[in-house]
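> Quick check, what structure comes out for this input:
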Amino acid sequence: MFGIARRVQLRHKRGAPKMNRLLFTLTVLVMMTAPGCALKCYVCSGNEDTCSKSKLEGDKDTYLKECPSGFDRCARSWSKKDDVNAVGNSCANEAACDAADELCDKLKDTIKDYKCGVGCCTDDACNAGSPVTFSFFLLIVSSVLGLALMK
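Numbers count the residues shown, from 1 in each chain. This is a model prediction of the structure:
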């Protein structure tokens, strides 16, 4: 009886490394085939023509980028003062969206005839926007948003 138990125990020990290798291999394969979960956003800065919805969606290989870790939102900001407009699309986080929105509100209150807007969303490719008239201040908003994202 002791001999049978000993043989079963030895077989179990010999099979353990094979089982560990099998589990390891399966784990690696699952990790390699699992889809990435990073958010993808359009990234562009310029004016309403260079960052238009049709241009972004028409050239996804150039403009649709995977966001780095910690960026869980896509943002689109725009500004307009007289005939000058600016548009920016980027990856963002909640703090950056809130800061850009707050800055936009302050500038609208201080600068006559100044218009701006900030939109943030959480789905892939949700920040293409629509053909809207954009503005000069977005150069500033885009810069502030970029700096906020670097923190």
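> Quick check: buried residues in the helix or strand harbouring Ala100?
Following DSSP states H and E, one finds Ala100 within helix 94-110. Of all the residues in helix 94-110, those buried under the rule 16 or more other CB atoms under 10 Å are Ala96, Cys97, Ala99, Ala100, Asp101, Leu103, Cys104, Leu107, Lys108. Heads up, the C-betas are built off the backbone N, CA and C, glycines and all.
> With stretch 56-76 instead?
Using 16+ other CB under 10 Å as the test for burial, stretch 56-76 gives Leu56, Tyr63, Leu64, Lys65, Cys67, Phe71, Arg73, Cys74, Ala75, Arg76.
> Cross the residues you listed against strands and list the overlap.
Secondary structure assignment by DSSP state E places Leu64, Lys65, Arg73, Cys74, Ala75, Arg76 of the buried residues of stretch 56-76 in strands.
> Among those, which one sits closest to Cys121?
Distances from Cys121 to those, taken as CB to CB, are shortest for Cys74 (5.4 Å).
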